[in-house]
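K.L.:
output the structure for:
(one chain, ligands or ions: 1)
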Amino acid sequence: MDARTSTVSPEAAQDHEPSPALDATEFVRVFTNELQYTRGVTLPQASNQDKYIALVRTVLRPLIDRWQATQARQAEQNGKTVAYLSAEYLLGPQTGNALLSTGLEDTAREALSTLDIDLDELIAHEIEPGLGNGGLGRLAACFIDSLATKDISAIGYGIRYNYGIFRQTFVNGHQVEQPDTWMSHGTPWEITHPELAQPIGFAGRVEDTINSAGQPARKWVPGWYVQAVPCNYLVPGYGTDTVNTLRLWSARAADEFNLHIFNSGDFENAVRARTYAENISNVLYPEDSTPQGKELRLQQQYFFVAASIRDLVARTLERGVSYADLPQHITFQLNDTHPVVGIPELMRLLVDDHELEWDDAWSITREIFNYTCHTLLPEALEVWPVDLFGRLLPRHLEIIYRINEEFLNEVRLNTGNELLVRQMSIIQEQPFRAVRMAHLATVGSRRVNGVAALHSQLLKDNVLKDFSAYWPDKFTNVTNGVTPRRFVRLSNPELSDLLNDAIGTGWVRDLSQLSQLEPLADDSGFLEQFALVKAHNKSRIAAVLAARDGIELPSDAIYDVMVKRLHEYKRQSLKLLHVVSLYARVLAGTLNAEDIEPRVVVFGAKAAPGYRMAKETIALINAVAARINNAPELQGRLKIAFPANYNVTLAEKLIPAADLSEQISLAGKEASGTGNMKFALNGALTVGTLDGANVEIHELVGDENFFLFGMTEPDAESLAQAGYVPSKFYEKDADLKLAIDLIASGAFSNGDRSAFESIVSDWLWHDRFMALADFRSYLDIQTKVEEKYRDKAAWNRSAVLNVARTGFFSSDRSIQDYLDRIWMEK
Ligand code: 26V
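P.N.:
Residues are numbered from 1 along each chain as shown. Down below sits the predicted model:
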């Protein structure tokens, strides 16, 4: 048996970098050939667009060879395949990663330079496919990278949105959303197969019927269909031959199934029906916390999940696997509740289409699915009104009712507790009847996991506590991770070179090897080199922001970075209060500007278009920036940079330049965070609360290398229980009062006191995430940040120790934990 592409623990990582499959001469030949025969241009005629496409097609060749060999190997091996079901993949740019995994970067650079072409210019030409909102989608992208790197037979399934996460612009400081036209430079990375489209049904009715054994059965007769067209992306592992598949489904109208509309002669409506169907994969919903209960979103979910399950089940059965053995050959990992409709869909497939007995189908289903929860906020838990659900998926609703009935009978029998029965029901009755997707996921899955140690504990204690009491062994933790390929090796080449010189190149596939850096934290020569890398990365981002946004950054200052979705629980407003309070104290004469350690605060954040408070916070950040960046008192001391449209492309340039990583959510609210890991791995120190994976970062790097502040989760819980009154904190803290009063006075809105009234009054009278309660502690820790930064040697030592001690946060380790605790666990 081939040791590669195994689903069991993979062989030990090899310590080698990929060797290129083409030399420079061959590269030039293939590249010019592509220009000529796929673009139809000669070299002198070629635009950057032509050259970019030719580059992609050249790099794709060796990847396709590996991809085909991987498929043959995986089919032959007939082992277990991990199918990752996710409505989002925030992939980031593909070109650099493909060059890295093929080992072709140097070859391409050399080859193109002989043609007078700058490789970096072509790489910069790519528009990233931003097919995700934030953390959850980016995690999916890191996971498929690690699955391939660890030679695991895996496939990612999702949706090929025509428009990904909106492009953010600022108009007078306010966020304005523009459509994300990521396909406008073509989609050369994708291999589409319209001939393999599958029909996906919706709506219609359910009929009684008799199955082939003469037994009564149910049959779904959909009212309309849409075709799911598979679009394949190659997912190359690093330092291995494995190239897995990411299969994103695109919706296309299904003429043959909707012919009756055409036949009725109603051409106009027939064409309209086409548009309606193709709408399904048109746009990513930009909400990432409050489900809107939109019918189109449920259509998206069922569309991609039904196509994916049918795809993998059919291919597995074709290999001669029996129904009963499906759980030995497939595991479906549910990325949050968005794909949970897959549970009734597999039941329908097995019971209605393949005529299995209900009980057999149910035990197969419960063996196949596993569910990852990514939130703690109750309002983020998806529920679907039963009338909407039943209209769109009538047979699935019937199946859910039966699952629920049998499950609740069992709970009743085992506990005799009617209150518990109501609490655990898959159907909520109030305030409206709806399907609770997290309950369905938990009942229909073999394992349920949270995404950081604290989060998994809080899931068991709060969000899903009845279920964890009922099935204690079902619950486990897998702490998130990030891919070191994209977020260190590619994004921080200078640090990578330094690491390669110090400890060899093995860390890229085995990040635990970073621990070998530990002794170098006391080597002054190494610390100096490390500091040079950071300085280099600062000038790199300064150049990027100057060209991209016209923002000028000082080269010598604390780079204090807070990048993540704009959300009240993440507390961008607390960061802002810190900045405003420094300014307010300078104005009031209680702080000498010369005593402020020079600092640039970089924000990057998109707000959900319908999230009012988040959008006002963006406007306030921009307003404060406009004022303090021009305040003569603060020149050379304090600056805010808020580049619009933070995305993966920008993250790759920004994170390596950071000194300070802001991870300041209210304890108990951020499930994990993954930006926190990327910053630490690139040598930033964290200022953070004991929330999400910060807890584990703090534990690993040690208290003296982490700026810990704020209430703990139990503290916050007690304060809430006792009745939190934010205005009391305002009244008793003079600095806090000064800062809030300055905002309320209209100082940042040309004297208009009403401009930020709703934020100010929310702080004083509501402040759900307790920014005011943590303000003093945050200010004090920022003073410690300044003190430490003045001692360059101490700072650099801590930064190196952050790198040395955070190898745990590789997504390769997360995937190993999924194997050990979920996919391969007996
Ligand atoms: C939720 C919803 C709710 C319905 C509307 C559409 C929509 C879209 C996405 C989501 C997911 C929100 C949950 C999420 O992104 N969680 C983040 O997951 C990260 C990876 O585990 C984790 O690091 C972050 O802490 C967590 O907020």
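K.L.:
with adjacent residues omitted, what lies nearest to the residue in the stretch 451-600 of the chain positioned nearest to the ligand?
P.N.:
The nearest approach of the stretch 451-600 of the chain to the ligand comes at V451, 3.9 Å away (C-beta to the nearest ligand atom). Backbone N, C-alpha and C define where each C-beta goes, glycine included. The shortest distance from V451 to any non-neighbouring residue, by C-beta to C-beta, 6 or more residues apart in numbering, is to S672 (4.1 Å).
K.L.:
the one you found contacts A453, correct?
P.N.:
No. Judged on C-beta atoms under 8 Å, S672 makes no contact with A453 at a distance of 9.3 Å.
K.L.:
can you list the weak-confidence ranges in the stretch 201-350 of the chain?
P.N.:
For the stretch 201-350 of the chain, applying pLDDT under 70 flags the ranges 256-263.
K.L.:
90 instead, please
P.N.:
254-277, 287-293 (pLDDT under 90).
K.L.:
which bits of it sit near the ligand?
P.N.:
285, 287-289, 291, 336 (C-beta under 6 Å from any ligand atom).
K.L.:
tell me the one among these nearest to K534.
P.N.:
D288 (31.3 Å; C-beta to C-beta).
K.L.:
shaky segments in the chain?
P.N.:
In the chain, residues with pLDDT under 90: 1-21, 254-277, 287-293, 378-380, 825-826.
K.L.:
what residues sit buried inside the longest helix along it?
P.N.:
Criterion DSSP state H: the longest helix present in the chain is helix 48-77. Buried residues in helix 48-77, counting neighbours by 16 or more other C-beta atoms under 10 Å, are found at 50-60, 62-63, 66-67, 70, 73-74, 77.
K.L.:
same question, stretch 380-392
P.N.:
For stretch 380-392, by 16+ other C-beta under 10 Å, it's 380-386, 388-392.
K.L.:
from these, which land in helices?
P.N.:
With helices defined by DSSP H, the entries of the buried residues of stretch 380-392 inside them are 386, 388-392.
K.L.:
would JSON lines of these with distance to N622 be doable?
P.N.:
Shown next, in JSON lines, are those (distance: C-beta to C-beta, whole Å):
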{"residue": "V386", "distance to N622": "43"}
{"residue": "L388", "distance to N622": "38"}
{"residue": "F389", "distance to N622": "41"}
{"residue": "G390", "distance to N622": "45"}
{"residue": "R391", "distance to N622": "43"}
{"residue": "L392", "distance to N622": "41"}
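K.L.:
test my guess that A658 contacts A557.
P.N.:
No. Using C-beta under 8 Å, A658 is not in contact with A557; the gap is 11.7 Å.
K.L.:
in terms of neighbours, single out the busier of the two.
P.N.:
Taking neighbours as other C-beta atoms under 10 Å, A658 and A557 compare with A658 leading, 28 against 19.
K.L.:
now the more buried one: how far from the ligand?
P.N.:
Distance of A658 to the ligand, computed by C-beta to the nearest ligand atom, to the nearest Å: 18 Å.
K.L.:
ok, that residue - contacts?
P.N.:
By C-beta atoms under 8 Å, 6 or more residues apart in numbering, the contact list for A658 reads 559-561, 602, 679, 682, 684.
K.L.:
any chance of those in TSV, plus secondary structure, distance to N370 and neighbour count?
P.N.:
Output for the contacts of A658, formatted as TSV (DSSP: H, G, I helix; E, B strand; the rest coil; distance: C-beta to C-beta, whole Å; neighbours: other C-beta atoms under 10 Å):
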residue	secondary structure	distance to N370	neighbour count
Y559	strand	39	24
D560	strand	39	25
V561	strand	34	24
V602	strand	37	24
F679	helix	29	28
N682	coil	31	25
A684	coil	33	25
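K.L.:
ok, these vs E126, which is closest?
P.N.:
Comparing the contacts of A658 against E126 with C-beta to C-beta places N682 closest, at 22.2 Å.
K.L.:
who's in contact with the closest one?
P.N.:
Taking C-beta under 8 Å, 6+ apart, one finds 487-488, 491-492, 495, 655-656, 658, 803 in contact with N682.
K.L.:
again, only using 10 Å
P.N.:
Neighbour list for N682: 487-488, 491-492, 495, 533-534, 537, 654-658, 661, 799, 802-803, 806 [criterion: C-beta atoms under 10 Å, 6 or more residues apart in numbering].
K.L.:
helices - which of those land there?
P.N.:
Reading helices off those with DSSP H, I get 495, 533-534, 537, 654, 799, 802-803.
K.L.:
pull out the buried members of these.
P.N.:
Buried among the ones in helices among the contacts of N682 (16+ other C-beta under 10 Å): 495, 533-534, 537, 654, 799, 802-803.
K.L.:
and for the closest residue to the ligand within the stretch 201-350 of the chain, nearest residue in space, chain neighbours not counted?
P.N.:
Nearest to the ligand, among the residues of the stretch 201-350 of the chain, is P291, at 3.5 Å (C-beta to the nearest ligand atom). Spatial nearest neighbour of P291, chain neighbours left out: E382 (4.8 Å); criterion: C-beta to C-beta, 6+ apart.
K.L.:
isn't the one you found up against Q301?
P.N.:
Yes. Applying C-beta atoms under 10 Å, one finds E382 in contact with Q301, separated by 9.1 Å.
K.L.:
any common contacting residues for those two?
P.N.:
Common neighbours of E382 and Q301 (C-beta under 10 Å, 6+ apart) are 337-338, 340, 437.
K.L.:
from the residues you listed, pick the one nearest D762.
P.N.:
Closest approach between these and D762, by C-beta to C-beta: T337, at 28.8 Å.
K.L.:
and the longest strand for the chain?
P.N.:
Using DSSP state E to define each element, the chain has its longest strand at strand 224-236.
K.L.:
give me the sheet partners of the following helix or strand past that one and which way each runs.
P.N.:
Sequence-wise, the next helix or strand downstream of strand 224-236 (DSSP states H and E) is strand 243-253. Taking DSSP bridges as the criterion, strand 243-253 forms sheet pairs with strand 154-159 (parallel), strand 224-236 (antiparallel).
K.L.:
can you tell me which residues contact the residue lying closest to D118 once chain neighbours are set aside?
P.N.:
Nearest non-adjacent residue to D118, counting by C-beta to C-beta, 6+ apart: L112, 7.2 Å away. Taking C-beta under 10 Å, 6+ apart as the criterion, L112 is in contact with 24, 27-28, 31, 51, 54-55, 58, 118-122.
K.L.:
of those, closest to the ligand?
P.N.:
D120 (30.7 Å).
K.L.:
quick one: list the elements packing against the helix or strand where the closest one lies.
P.N.:
Here D120 sits within helix 119-125, counting by DSSP H and E. In this structure, helix 119-125 makes packing contacts with helix 48-77, helix 95-102, helix 105-114, judged by 3 or more C-beta pairs under 10 Å, 6 or more residues apart in numbering; DSSP states H and E.
K.L.:
let me have these in TSV, extended by distance to the ligand.
P.N.:
Putting the helices and strands packed on helix 119-125 into TSV (distance: least, C-beta to the nearest ligand atom, whole Å) gives the following:
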stretch	distance to the ligand
helix 48-77	27
helix 95-102	20
helix 105-114	29
